[in-house]
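Engineer: predicted model follows, preceded by the sequence.
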Amino acid sequence: MTEAPVPILMYHSVATAPNDATRGLSVAPEAFAEQMACLGDRGLTPVNTADLAASWRSGRPLPPRPVLITFDDGYEGVHRHALPVLAKHGFASTLFVSTGWIKGPHDMGGGLDTMLDWDQVRELAAADVEIGGHSHTHPQLDQLDDDALRHELIHCKEIVADELGRVPVSFAYPYGYSSRRVRDAVRETGYAQALAVGNGLARRRQGPYAVQRVTVRRATGIEEFERLVEGHAIARTFARDRVLTKGYAMVRRARQVRRKAIRSRV
């Protein structure tokens with residue numbers, strides 16, 4: 001059973017002219033193409049999230065030098081810009097959709113930039129892109145009460161299943177935030193695995209519901225990208241992110257305690 005760490009790349013938008021809301025986490029199409037060529041040149045083999053998790057559960061060997069390419073939210077550029085590059089290289093990937101942001105009958109109007117529509121999601125699914133869940137409206141799941149949390153998870157799963165004719169088995173936490181309660185709810189909803197952020201390499205010992213990824217940004221140059229996929233200097237690269245994450249975690253826990261205290265007095 002493989003114990004080797006695996007780099008999981010977290011992308012969001014792939015766009016030539018992203019708006020202010022998505023710019024920092026958007027990657028230029030030319031940069032994305034260069035990054036995918038880098039994976040091929042270095043002999044890495046992209047697999048999807050379901051295949052990685054199934055391998056870790058069963059002990060089935062992974063291909064040589066596995067890597068995951070994942071996209072969050074559901075931006076239109078994944079279809080316009082990323083899909084042709086992935087198809088050129090024959091790379092598998094995973095797209096995690098916030099169903100209330102996808103254009104169509106379930107659209108809640110919260111998308112941060114131009115979003116995919118369901119026909120485009122279906123085309124991605126037909127092109128070896130695993131479609132996973134990313135909640136319905138992209139909230140901070142650990143800040144929701146139990147009923148709202150279940151609705152976000154179940155509604156997302158049901159919409160994906162209805163639109164694609166296939167039940168999603170992988171999930172990614174919006175903003176990367178989770179808690180034991182959230183992870184338990186994701187498991188109870190029927191997702192077999194879930195990805196966080198963490199900005200570290202994925203390891204089997206993290207468990208199927210707290211798998212770590214590394215963030216690819218607009219500012220990620222090709223030399224930094226090469227270091228990420230080789231697992232070099234990740235702690236140094238994301239040192240500031242980890243400090244901020246710890247601070248946010250303390251704030252969220254304080255909010256949870258305050259809400260529990262308020263509810264107990266009602």
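Structural biologist: Noted; the coordinates are in hand.
Engineer: so who does residue 51 touch?
Structural biologist: 62, 92 (Cβ atoms under 8 Å, 6 or more residues apart in numbering). C-beta: built from backbone N, CA, C; applies to glycine.
Engineer: wait, a strand at it?
Structural biologist: No. Residue assignment for residue 51, taken from DSSP: H, G, I helix; E, B strand; the rest coil, gives helix, which places it outside any strand.
Engineer: what packs against the strand ranked longest in the chain?
Structural biologist: In the chain, ranked by residue count with DSSP state E as the criterion, the top strand is strand 66-73. Judged by 3 or more Cβ pairs under 8 Å, 6 or more residues apart in numbering; DSSP states H and E, strand 66-73 is in contact with strand 8-11, helix 29-41, strand 45-46, helix 49-58, strand 93-97.
Engineer: just checking, what packs against whichever helix or strand comes after it?
Structural biologist: Reading on from strand 66-73 to the C-terminus, the next helix or strand found by DSSP states H and E is helix 77. For helix 77, the packing partners by 3+ Cβ pairs under 8 Å, 6+ apart come out as none at all, with no helix or strand in contact.
Engineer: got a list of contacts for the helix or strand just after helix 77?
Structural biologist: Proceeding N to C from helix 77, the next assigned helix or strand is helix 83-89, under DSSP H and E. In this structure, residues lying in contact with helix 83-89 by Cβ under 8 Å, 6+ apart are 29, 32-33, 36-37, 39-40, 69, 93, 123-124, 127-129.
Engineer: repeat the analysis, applying 7 Å as the threshold.
Structural biologist: 32-33, 36, 40, 93, 124, 127 (Cβ atoms under 7 Å, 6 or more residues apart in numbering).
Engineer: how about that helix: buried residues?
Structural biologist: Using 16 or more other Cβ atoms under 10 Å as the test for burial, helix 83-89 gives 83, 85-86.
Engineer: tell me the SS of the closest residue to residue 144 other than its chain neighbours?
Structural biologist: Once flanking residues are discounted, residue 144 sits nearest to residue 152: 6.8 Å by Cβ to Cβ, 6 or more residues apart in numbering. Classification of residue 152 into helix, strand or coil gives helix, according to three-state DSSP.
Engineer: the inter-axis angle of the longest strand of the chain versus strand 93-97?
Structural biologist: Per axes from the mean of the first three to the mean of the last three Cα atoms, to 10 degrees, the angle that strand 66-73 makes with strand 93-97 is 20 degrees.
Engineer: what pLDDT is listed against residue 258?
Structural biologist: Per-residue confidence (pLDDT) for residue 258: 57.
Engineer: got it, and residue 79?
Structural biologist: Note for residue 79: predicted pLDDT of 98.
Engineer: hmm, residue 122 and it touching each other?
Structural biologist: No. Under the contact definition of Cβ atoms under 7 Å, residue 79 does not touch residue 122, with a separation of 10.3 Å.
Engineer: looking at those two, which has the bigger crowd around it?
Structural biologist: Each of residue 79 and residue 122 has its neighbours counted (other Cβ atoms under 10 Å); residue 79 has more, 21 against 15.
Engineer: could you find the closest non-adjacent residue to residue 82?
Structural biologist: Here the residue nearest residue 82, using Cβ to Cβ, 6+ apart, is residue 14, at 4.7 Å.
Engineer: now residue 135: which helix or strand?
Structural biologist: Element membership of residue 135, judged by DSSP H and E, is empty: it is in no helix or strand.
Engineer: that one against residue 173, yeah?
Structural biologist: No. Counting by Cβ under 7 Å, no contact exists between residue 135 and residue 173, whose distance comes to 8.1 Å.
Engineer: which one of these two has more residues nearby?
Structural biologist: The residue with more neighbours, out of residue 135 and residue 173, is residue 135; 28 against 24, by other Cβ under 10 Å.
Engineer: the more buried one and residue 116, how far apart?
Structural biologist: With distances defined as Cβ to Cβ, to the nearest Å, the gap from residue 135 to residue 116 amounts to 16 Å.
Engineer: circling back: with residue 192 as the reference, name the closest of the helices and strands packed on strand 66-73.
Structural biologist: For these, the distance to residue 192 is smallest for helix 49-58, at 6.1 Å, taking Cβ to Cβ.
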